[in-house]
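Asker: Pasted the sequence and its predicted model underneath.
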Amino acid sequence: MKMLTITVLPARYGDSILIEYEKSPGTAGRILIDGGTSGTRADIVKQVTHNAVRHIELCIVTHIDRDHIEGILSLLEAPTQSFSIGEIWFNGYKHLIDDPNFEVLGAVQGERLTAAILANRIAWNQSFDGGPAAIADQLRLPVMLLPGDMKITLLSPTQDQLVGLIGSWETEVIEAGLIPGYGYLAEPEEDDDTEMFGSDTIDIEALALEKFEEDDSLSNGSSIAFLLEYRGKKMLFTGDAHPSQIMKSLDTLYGQNDVVIDFWKISHHGGKGNTGPELVKRITCSQYIFSTSGIKFPHPSRETIAWILKYKRGHATLYFNYRSDYNKVWDDADLKSEYDYETVYPAHTPGIKIEV
């Protein structure tokens, strides 16, 4: 097997990413980051069961939005399991409060994913002693090691960001389809990017001058974001996290030193409220990953990619797991030449595998 691969699954407008690495000679270790929408389940199963070792070391559910969580629900609620999961990171309602006597399965609080984790007897936030997968002290970021020298440093959320979700938890979990009997609320309108396709003419200099306004979604702000390090490679996975928190954690890790990353999964499918110019300037990276079909929301936003191309250092590669009306405009020879970048799209069917 390849020493390290990143598979960005076709999760429609969501995220589902499988990391495979050499845990021991000839044996794969796996980290599953989110499950995308419900239809992503088949792709996850296919990827994990293609060899004899049908096991995921760690499944990370970054936050409770349906486009990250539905595929995980489909996996765990299936009558039979095709593979095993060693540990799951997910911040449920019990992790938002500080009450050791809290009953896990209350009426609203007993959402489906909590029930599925308990029913499958999966170790839940074991790396955090069963508590929240969150930062208690910004000056001491949690660090975990998986078998095979895979290092994970937590960058988001803080415990305060989780506590901030308490007041809106019921609405959030109903919208995500996590409460039995409630069904789904109508998908809320996003004001992140309202411009439709518009002209195919891209003015990167003008776009890069657009004012950055940070996303204020409580759910997105509660995203689990982290830095993976494996045999000299560094990979930044941000869920839908807020850039200000990522910046704070990178400052904790690196101080005034350069932040050099090999791969960066761009937050919130490239939404312009989650990756601003200051964060791009802070990070030296050559390979950027976008996960979205562009079907439901106009992602990735042009401003986000313009900020990346304007403020990156050196040559860059943009990876897209779909070819869409929103991202095909970047496959332009003149722009590539002027801004020193290349694009990678799926060859045939959606989804991409990056061999590191």
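Answerer: Ah, there it is. Everything numeric in this text was worked out from a predicted model, so none of it was measured.
Asker: So F83 is in contact with K46, correct?
Answerer: No - counting by Cβ atoms under 8 Å, F83 stays clear of K46, with 11.0 Å between them. Where C-beta positions appear, they are placed from N, C-alpha and C, glycine not excepted.
Asker: Looking at these two, which one has more neighbours?
Answerer: F83 (16 against 11; other Cβ atoms under 10 Å).
Asker: residues near the residue nearest to that one when sequence neighbours are not counted, how many?
Answerer: Closest residue to F83 in three dimensions, ignoring its sequence neighbours and counting by Cβ to Cβ, 6 or more residues apart in numbering: R54, at 3.8 Å. For R54, the count of nearby residues is 14 (other Cβ under 10 Å).
Asker: when you give positions from now on, start the count at 221
Answerer: Renumbered: residue one is now 221, and that last one reads R274.
Asker: So for R274, what's the pLDDT?
Answerer: Predicted confidence (pLDDT) for R274: 87.
Asker: Also A461?
Answerer: 95.
Asker: ok, now E290?
Answerer: 89.
Asker: so is it in a helix, a strand, or just coil?
Answerer: Secondary structure, DSSP: H, G, I helix; E, B strand; the rest coil: E290 is helix.
Asker: how about it, what does it touch?
Answerer: Contact partners of E290, counting by Cβ atoms under 8 Å, 6 or more residues apart in numbering, are G234, G255, G256, T257, S258, T260, G397.
Asker: now the residues you listed as TSV including distance to D436?
Answerer: Output for the contacts of E290, formatted as TSV (distance: Cβ to Cβ, whole Å):
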residue	distance to D436
G234	21
G255	25
G256	24
T257	24
S258	28
T260	27
G397	23
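Asker: follow-up on the earlier one: so what's in contact with F303 and K266 at the same time?
Answerer: With Cβ under 8 Å, 6+ apart, F303 and K266 have no common neighbours.
Asker: Relative to the whole chain's centre, how far out is stretch 505-518?
Answerer: 11 Å (Cα atoms, centre = their mean, to the nearest Å).
Asker: And the pLDDT at S469?
Answerer: 98.
Asker: quick one: buried residues of stretch 362-379?
Answerer: Neighbour counts using 16 or more other Cβ atoms under 10 Å place P362, M364, L366, M370, I372, T373, L374, L375, S376, P377, T378, Q379 of stretch 362-379 among the buried residues.
Asker: tell me the mean pLDDT for it?
Answerer: 97.
Asker: now the strands: where do they sit in the stretch 271-420 of the chain?
Answerer: 275-280, 304-309, 343-344, 363-366, 370-376 (DSSP state E, counting those that start in this stretch).
Asker: Quick check: which of those strands is nearest to D357?
Answerer: For D357, the closest of the strands of the stretch 271-420 of the chain is strand 370-376, at 11.4 Å, according to Cβ to Cβ.
Asker: returning to what we had before: which stretch among the strands of the stretch 271-420 of the chain comes nearest D478?
Answerer: Across these, D478 has its closest neighbour in strand 370-376 (16.7 Å, Cβ to Cβ).
Asker: what packs against that closest one?
Answerer: Other elements packing on strand 370-376 under the criterion 3 or more Cβ pairs under 8 Å, 6 or more residues apart in numbering; DSSP states H and E are strand 363-366, strand 445-450, helix 463-474.
Asker: what's that strand in contact with?
Answerer: Contacts for strand 370-376 (Cβ under 8 Å, 6+ apart): 241, 243, 249, 251, 277-278, 353-355, 361-366, 441, 443-450, 456, 458-459, 461-462, 465-466, 469-470, 473.
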